[in-house]
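> Mind folding the following:
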Amino acid sequence: MEKGLLLRDFKPRSELVVERQSVKKPKFTVIDAHTHYGPLTNGDDFAERYDTKAEIERLQSLGIAKVVQHDLVWGEALERVLAKIEPYQDVIVTYGSLDVSKFEDPSFDSYVYKTLRDSTNMGIKGLKMWKNISLGMKDSSGKHIPIDDPRLSPIWQGAAEFGLPILIHVADPIAFFRPIDQYNERYENLQRFPEWSFHEQGFFTFEELMEQQENLIAQNPKTTFIVAHGGSYSENLGKVSQWLRRYPNMFVDMAARLAEFGRQPYTARKFFIEHQDRILFGTDFGPGDDQHYLYFEFLETWNEYFDYSEAEVPGQGRWKIYGIGLEDEVLEKVYFKNAQRVMSL
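Modelled structure (predicted):
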């Protein structure tokens, strides 16, 4: 018997024997509303990392008809992203962004209007706003920028005027805001990436970020917000449900939160059924990623206790997930109809 086994070396193999239905392709056409094919996650040399035609053929072989890519690009950087996907801009749909660091400039209003006008003319279908605002940026006085800061209002107003939905990433998993100790369910995750922690480093608390997020949505009823990663709070779908009932301009995607949705199957199924018109399929995947089938399995089957990742020790936590067996009418909406409607695809 081995003694002193370290947690990182503990890789138990389940002896549970249950029936498992394989789902390699989705029951309906899929639009992946949250992907990354530009520099944000693939680096400045993103154009060399994949062949566009081959990538589209690979996606379509998996049952993915279209993807929406989200990058913090505008101007020349946007031109590079669009050039890489030419002539497939109707299959890889692009969301752009703008230089938020200019928010204290007296001419920020006109800058936002011009950038949105130019980017729309170039072909973007929406805006991507990222966590670098409230979890990174500081103003000239050295204070972090709340996402509901009035100085950012030209962005939300401009998006409404140009009819651009905003996919917004406000906060990371709540465990990233907690102490990295024996009680933290993402302990191993944060041990590997300690820079992902926002605990006691002068950042906004998770609760403050959620208050700011709600203020932002409430104060801009004409702007469509797609709040990424299960509405920022996939650990508390009851709270996300309250927001969705309260704010008709709010939508959510399920990108990179399969581990969260899947470990609460009863709550998740209820959530997907109640808000079937407000949830978009998304993965956060990029070139070469091929684990879409796990999302399909979660949505389509009643499978029990299966891995949400192919990794030997899954990054988001040491647990398994369960399928929620959605009916066809709900599946169609989540897989593609909601994205078609909300994103004007």
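> What's the local residue count around the closest residue to residue 253 other than its chain neighbours?
Distances taken as Cβ to Cβ, 6 or more residues apart in numbering place residue 282 nearest to residue 253, at 3.7 Å, with adjacent residues excluded. Where C-beta positions appear, they are placed from N, C-alpha and C, glycine not excepted. When neighbours are counted by other Cβ atoms under 10 Å, residue 282 registers 28.
> How about the contacts made by residue 282?
Residue 282 makes contact with 32-35, 228, 253-256 under the criterion Cβ atoms under 8 Å, 6 or more residues apart in numbering.
> Surely residue 229 is in a helix?
Yes: counting by DSSP: H, G, I helix; E, B strand; the rest coil, residue 229 is found in a helix.
> Leaving out chain neighbours, which residue sits closest to it?
Residue 229 sits nearest to residue 257 (Cβ to Cβ, 6+ apart), 5.1 Å away.
> Tell me which of the contacts of residue 282 fall in helices.
Here DSSP state H is the test, and the contacts of residue 282 give residue 228 as lying in helices.
> In strands, which of the contacts of residue 282 fall?
Mapping the contacts of residue 282 onto strands (DSSP state E) picks out 32-35, 253.
> now the residues you listed in TSV, with neighbour count and pLDDT?
Compiled in TSV, the ones in strands among the contacts of residue 282 are given as follows (neighbours: other Cβ atoms under 10 Å; pLDDT from 0 to 100):
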residue	neighbour count	pLDDT
32	28	98
33	33	98
34	26	98
35	25	98
253	27	98
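> Among those, list the two that are farthest apart in space.
35 and 253 (10.6 Å; Cβ to Cβ).
> per-residue confidence for the residue nearest to residue 253?
Looking at residue 282, its pLDDT is 98.
> What's the separation between it and residue 36?
11 Å (Cβ to Cβ, to the nearest Å).
> re earlier: run a quick neighbour tally on the residue nearest to residue 229.
Neighbours around residue 257, by other Cβ under 10 Å: 25.
> now residue 143
For residue 143, the count of nearby residues is 11 (other Cβ under 10 Å).
> State the distance from it to residue 296.
Distance, residue 143 to residue 296, using Cβ to Cβ: 44 Å.
> Ok, residue 208 next?
Counting by Cβ to Cβ, the gap from residue 208 to residue 296 is 36 Å.
> Between the two, which is the more surrounded one?
residue 296 (23 against 15).
> Who are the packing partners of the lowest-mean-pLDDT helix or strand in the chain?
Every helix and strand of the chain was ranked by mean pLDDT, DSSP states H and E. The lowest is helix 187-192, at a mean of 93. Helices and strands touching helix 187-192, by 3 or more Cβ pairs under 8 Å, 6 or more residues apart in numbering; DSSP states H and E: there are none.
> Mind checking what helix or strand follows that helix in sequence?
helix 206-219 (DSSP states H and E).
> chain center to that next one: distance?
17 Å (Cα atoms, centre = their mean, to the nearest Å).
> Flag every buried residue along it.
Residues of helix 206-219 classed as buried by neighbour count (16 or more other Cβ atoms under 10 Å): 206, 209-210, 212-214, 216-217.
> Please apply the same query to stretch 188-206.
Within stretch 188-206, the residues that count as buried by 16+ other Cβ under 10 Å are 188-190, 197-199, 203-204, 206.
> Now do the end-to-end distance for that stretch.
Using Cα to Cα, to the nearest Å, the end-to-end distance of stretch 188-206 comes to 20 Å.
> now the strands for the stretch 1-150 of the chain?
Ranges of strands within the stretch 1-150 of the chain are 30-35, 64-70, 92-96, 126-129, based on DSSP state E, counting those that start in this stretch.
> can you redo those strands as TSV with distance to residue 114?
Below are the strands of the stretch 1-150 of the chain laid out as TSV (distance: least, Cβ to Cβ, whole Å):
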stretch	distance to residue 114
strand 30-35	27
strand 64-70	21
strand 92-96	13
strand 126-129	14
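> among the ones you listed, which is nearest residue 138?
The closest of those to residue 138 is strand 126-129. By Cβ to Cβ, the value is 17.0 Å.
> Tell me the helices and strands packed up against the closest one.
Strand 126-129 sits against strand 92-96, helix 153-162, strand 166-168, with contacts defined as 3+ Cβ pairs under 8 Å, 6+ apart.
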